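Peer 1: Need coordinates for the below:
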Amino acid sequence: MPQADNATAGTPPAIPKFCDWRIEIRDCILTEIWVTEVSISLVTNAILAFTSAIFFYYRRRYMWQGLFVDQSSGIRPLPVDCLLLFWGISTVLRALYALLLLFDAFSAYWQRELLQELGWTFLCFGAACYLIGIIYTIPVSYTRGSDAMISLGSSNKRSTNNGVSNDKSTHVIILPTPIQLNFVLGAYFLFPTLIMLPAAVLSGVARDQGNFETAAAWTTVHYVSYWVYDWSVSIISAYYGIHFMIILRTSMNNFDNRSAGGTYHQSNSPTRQAFHRLKYTMAYLFFLSFISGPGWGVYGIRYISMVTGPNLYSLFISGTWYITGPQPLIAVCQYVLAKRIYQHYIGKSKSSNNITGSSVQSTTITSRAPPAMQDGILITQEIGVEMDFALDMKSGADKTKPDKKGSQEFELMNKSDDGKSEDNV
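Peer 2: Numbers count the residues shown, from 1 in each chain. A predicted model of the protein is given here:
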């Protein structure tokens, strides 16, 4: 017995290791930092999950149009509801993962990899639906196809031999057909589901079996795939975001030049609000995916060096992973949704008192307002109707159809089968 006690006493204490902070945070070097980051992730994601549930409940009860609608032989995702649903699920999963990780409730590494990756997978689903839904809302004057040419009406007039004519500028944009867009959406859903998620689980299985080299190889595949995915998202966000903002800005300029008072240059203009929402959302989505893509790729390629010793790059990536990554973007989107839901609630409560006056004023505004853009693009404002192009909400009021003469000059963007314009974009 004394010899056994001496042997036990002579055993050196376990030396803390630098852990893979994604899936383990206890008994590690810099444990205090990892626990703090995971705690912040738990609180922020729990708050975002709660607010997402409230907003989705309100939209589901009062403003529901569905998640996907049939349009032009394709299935169009409605960006607002899809974003709210998928990113809400993502925040729930990420909050649950942070909670279980703090209490060390996992019994295997593959469980950790599976749950943490599911949160990112639903985040990818929401981003994909938002991008494809925005592309669907880009107005064109004819059937979509490669190298679609959009005619932007210009208010500038020039003298010709036959009199005075309006200049028209054209804007060329590569716009896939609805069927092609559905294939792209399917690819964006399948890529994380069939590549990133299985790679993460296989990495956890290999780690459970004690095969660290195989686990590192699957982790490399996992995050290099994220590099490809994120950069494809950033390229699409930049291309269509810039082109769509050109269309919106041209619309506002044309309407301001043609109408007295500059309705669309007012700060409360629905189109101007849509322009700013699109600008901020697409810009954040572009920069986040453009910066995070190489970050995750380098992390996957140099995975072994990242988890075998402290380094500043690993600290930076961990902060992005848990705190400064998707949460600010989700918070900004929810802030925009909160404003739109508040406007819808106020408008719904006042509609019963102002229905008569609104009808008269709507007729007056519609009769005097010229089209914002010619050749199939209408950005107009009527009482109770707001034609927004990005992150818009259903106003709840009945949409009025333009008369026969007006329909020759413009048309409502994205008409549904029943003749009502869809403003969930």
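Peer 1: thought A200 was touching L115?
Peer 2: No. At 9.8 Å, A200 does not count as touching L115 under the criterion of Cβ atoms under 8 Å. For glycine as for every other residue, the C-beta is placed from the backbone atoms N, C-alpha and C.
Peer 1: Looking at those two, which one has more neighbours?
Peer 2: Neighbours were counted for A200 and for L115 using other Cβ atoms under 10 Å; A200 has more, 29 against 19.
Peer 1: what's the helix or strand hosting that one packed up against?
Peer 2: When secondary structure is defined by DSSP states H and E, A200 falls within helix 197-208. For helix 197-208, the contact count by 3 or more Cβ pairs under 8 Å, 6 or more residues apart in numbering; DSSP states H and E identifies helix 109-137, helix 212-258 as packing neighbours.
Peer 1: List the buried residues in it.
Peer 2: Buried residues in helix 197-208, counted by 16 or more other Cβ atoms under 10 Å: L197, P198, A199, A200, V201, L202, S203, G204, V205, A206, R207.
Peer 1: outside of that helix, which residues touch it?
Peer 2: Where contact means Cβ atoms under 8 Å, 6 or more residues apart in numbering, the residues beyond helix 197-208 that reach it are 23, 108-114, 116-118, 121, 212, 214-216, 218-219, 221-222, 225.
Peer 1: for that helix, what is the average pLDDT?
Peer 2: Helix 197-208 carries an average pLDDT of 96.
Peer 1: before we move on, back to that, what two of the buried residues of helix 197-208 have the greatest distance between them?
Peer 2: Within those, two members stand farthest from each other by Cβ to Cβ: L197 and R207, at 16.1 Å.
Peer 1: The helix or strand that contains Q180 versus helix 109-137: what angle between them?
Peer 2: Secondary structure assignment for Q180, by DSSP H and E: helix 178-191. Angle of helix 178-191 versus helix 109-137, following axes from the mean of the first three to the mean of the last three Cα atoms, to 10 degrees, is 170 degrees.
Peer 1: got the buried residues for helix 178-191?
Peer 2: Buried residues in helix 178-191, counting neighbours by 16+ other Cβ under 10 Å, are found at P178, L181, N182, V184, L185, Y188, F191.
Peer 1: dump the residue contacts of the third one.
Peer 2: Residues counted as contacts of N182 (Cβ under 8 Å, 6+ apart) are G74, I75.
Peer 1: Flag every buried residue along stretch 59-67.
Peer 2: Neighbour counts over stretch 59-67 (16+ other Cβ under 10 Å) mark R59, M63, Q65 as buried.
Peer 1: D70 is in what secondary structure piece?
Peer 2: Here D70 is covered by strand 68-71, with elements defined by DSSP H and E.
Peer 1: right, and the helix or strand after that strand?
Peer 2: Moving on from strand 68-71 towards the C-terminus, the next helix or strand you reach (DSSP H and E) is strand 74-77.
Peer 1: Convert that following strand to CSV, retaining C-alpha atoms only.
Peer 2: As requested, C-alpha coordinates have been extracted for strand 74-77 and formatted as CSV (Å, rounded to 0.1, in the frame of the first residue of the first chain):
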residue,chain,number,x,y,z
GLY,A,74,-40.7,28.1,-61.2
ILE,A,75,-40.9,28.0,-57.4
ARG,A,76,-40.0,31.3,-55.9
PRO,A,77,-38.9,31.4,-52.2
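Peer 1: for the helix or strand just after it, packing partners?
Peer 2: Downstream of strand 74-77, the next assigned helix or strand under DSSP H and E is helix 79-102. The criterion is 3+ Cβ pairs under 8 Å, 6+ apart, and the helices and strands that helix 79-102 contacts are helix 31-62, helix 109-137, helix 326-368.
Peer 1: got the angle for the first one vs helix 109-137?
Peer 2: In other words, helix 31-62. Relative orientation of helix 31-62 and helix 109-137, computed by the same axes, to 10 degrees: 40 degrees.
Peer 1: Looks like S234 contacts P294 (just checking).
Peer 2: No. Contact criterion Cβ under 8 Å: S234 and P294 do not qualify, at 10.4 Å.
Peer 1: Of those two, give the one with the bigger neighbour count.
Peer 2: S234 (19 against 12).
Peer 1: The helix holding Q180 to helix 197-208, inter-axis angle?
Peer 2: 10 degrees.
Peer 1: Mind exporting the C-alpha coordinates of helix 178-191 to CSV?
Peer 2: In CSV, the C-alpha atoms belonging to helix 178-191 read as follows (Å, rounded to 0.1, in the frame of the first residue of the first chain):
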residue,chain,number,x,y,z
PRO,A,178,-37.1,30.3,-63.1
ILE,A,179,-36.3,26.7,-63.7
GLN,A,180,-32.6,27.4,-63.7
LEU,A,181,-33.0,29.4,-60.5
ASN,A,182,-34.7,26.4,-58.9
PHE,A,183,-31.7,24.2,-59.9
VAL,A,184,-29.4,26.8,-58.3
LEU,A,185,-31.5,26.8,-55.2
GLY,A,186,-31.5,23.0,-55.0
ALA,A,187,-27.7,23.0,-55.4
TYR,A,188,-27.4,25.5,-52.5
PHE,A,189,-29.5,23.2,-50.4
LEU,A,190,-27.7,20.0,-51.3
PHE,A,191,-24.2,21.3,-51.1
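Peer 1: still on that earlier bit, including distance to I301, could the buried residues of helix 178-191 go into JSON lines?
Peer 2: Written out in JSON lines, the entries for the buried residues of helix 178-191 read as follows (distance: Cβ to Cβ, whole Å):
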{"residue": "P178", "distance to I301": "38"}
{"residue": "L181", "distance to I301": "33"}
{"residue": "N182", "distance to I301": "33"}
{"residue": "V184", "distance to I301": "27"}
{"residue": "L185", "distance to I301": "29"}
{"residue": "Y188", "distance to I301": "24"}
{"residue": "F191", "distance to I301": "19"}
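Peer 1: is it possible to export those to a markdown table including pLDDT?
Peer 2: Listed next are the buried residues of helix 178-191 as a markdown table, based on pLDDT from 0 to 100:
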| residue | pLDDT |
| --- | --- |
| P178 | 85 |
| L181 | 89 |
| N182 | 91 |
| V184 | 93 |
| L185 | 94 |
| Y188 | 95 |
| F191 | 96 |
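Peer 1: Which of these sits closest to T51?
Peer 2: Distances from the buried residues of helix 178-191 to T51 were compared by Cβ to Cβ; the smallest belongs to Y188, at 25.5 Å.
Peer 1: Distance-wise, check that closest one relative to Y313.
Peer 2: If you measure Y188 against Y313 using Cβ to Cβ, to the nearest Å, the figure is 28 Å.
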